[in-house]
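Engineer: Below are the sequence and a predicted model; questions follow.
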Amino acid sequence: MKRFEPLQSELLVGLIPVNPAIECYMQGLIERRTDSVLVEMEALAKQKNFPIVGRLVGTSLEVLAKMINAKRVFEFGSGYGYSAYWFARAVGLNGQVICTDNKLANKEQAEIFLSSVDLWKRVTFYIGYAQAVFSQTEGFFDICYNDVDKSEYPSVWKMAREKIKPGGLYIADNVLWHGKVIAENNTDEWTQAILEHNQLIFDDPEFDAFINPTRDGVMVARRKMA
Ligand SMILES: C[S@@+](CC[C@H](N)C(=O)[O-])C[C@H]1O[C@@H](n2cnc3c(N)ncnc32)[C@H](O)[C@@H]1O
């Protein structure tokens, strides 16, 4: 079976939540997907050591979005559009994925990639501070997806939860933070922020939540119906 290489950051920390052999097995099951743009986006991530969610998590984003028939998605931290690729597929022709990133070059790259598969028309991409864009965006969302700098996770959760529809989802990547959430020496700011974020969500009576431990851990929290 083909083996997939862990990200550099995973090698450094050495605390991958799921047994790497199991992740390889799961990767093998979905690797035959051959959309050329997907392969190009993944190659760019590898070349630049850019932290995309990867195919296992990307697939789960599409499935989750389709399961709730999501039509309006807000992304905090879109990079060059890899996670948006999966959401854009899910929302369909009349859906909208609002992307945010603080780097213009990422938007330009996303436009090239997503236009090539006719998904750009489903995307509205803002350059700037994601939380500021969110505050200025009216209405409610089927999904709010958080992938910004980890120190900002608690504040993003607090604002995102206010605008998630009943039955809608809050999804956040990296919530196991390469296993640092259980490391003894976990006093760094980003780990502390992730620990606070995770606890806030599980303590929130308006949401039901679980963590998918795939790759670096994905939080999925569903707002209860009224
Ligand atoms: C982990 S990457 C996003 C990867 C993307 N979600 C994917 O899976 O393809 C995080 C991106 O968010 C940007 N970023 C971090 N904090 C941000 C913030 N508060 N507002 C806007 N962009 C931010 C970073 O520059 C980076 O491009």
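Structural biologist: That came through, no problem.
Engineer: quick one, phi psi at P166?
Structural biologist: Per-residue torsions, P166: phi -60, psi 130 (degrees, to the nearest 10).
Engineer: which residues does K163 contact?
Structural biologist: Residues near K163 by CB atoms under 8 Å, 6 or more residues apart in numbering: F74, F134, G139, F140, F141, C144. (Each C-beta comes from the backbone N, C-alpha and C, glycine too.)
Engineer: One more: I30?
Structural biologist: R55, L56, T59.
Engineer: Residue numbers of this structure in contact with the ligand?
Structural biologist: Contact residues, the chain versus the ligand (CB under 6 Å from any ligand atom): 51-53, 77-79, 82-83, 100-103, 106, 129-131, 147-149, 152.
Engineer: Tell me the secondary structure at N106.
Structural biologist: The three-state assignment at N106 reads helix, by DSSP: H, G, I helix; E, B strand; the rest coil.
Engineer: The chain should start at 29 in everything you say after this.
Structural biologist: Got it, first residue is 29 now, which makes that one N134.
Engineer: if I pick it, what's in contact with it?
Structural biologist: Residues in contact with N134 (CB under 8 Å, 6+ apart) are S106, G107, Y108, G109.
Engineer: Tell me how many other residues crowd the nearest residue to Y154 once chain neighbours are set aside.
Structural biologist: Nearest non-adjacent residue to Y154, counting by CB to CB, 6 or more residues apart in numbering: V161, 4.6 Å away. By the criterion of other CB atoms under 10 Å, V161 has 18 neighbours.
Engineer: so which strand or helix has V161?
Structural biologist: If you go by DSSP states H and E, V161 is part of helix 158-164.
Engineer: list the buried ones in that helix?
Structural biologist: Using 16 or more other CB atoms under 10 Å as the test for burial, helix 158-164 gives A158, Q159, V161, F162.
Engineer: so what secondary structure elements neighbour the helix or strand that comes right after that helix?
Structural biologist: Moving toward the C-terminus from helix 158-164, the next helix or strand (DSSP H and E) is strand 169-174. With contacts taken as 3 or more CB pairs under 8 Å, 6 or more residues apart in numbering; DSSP states H and E, strand 169-174 sits against helix 82-95, strand 100-104, helix 110-119, helix 181-188, strand 192-201.
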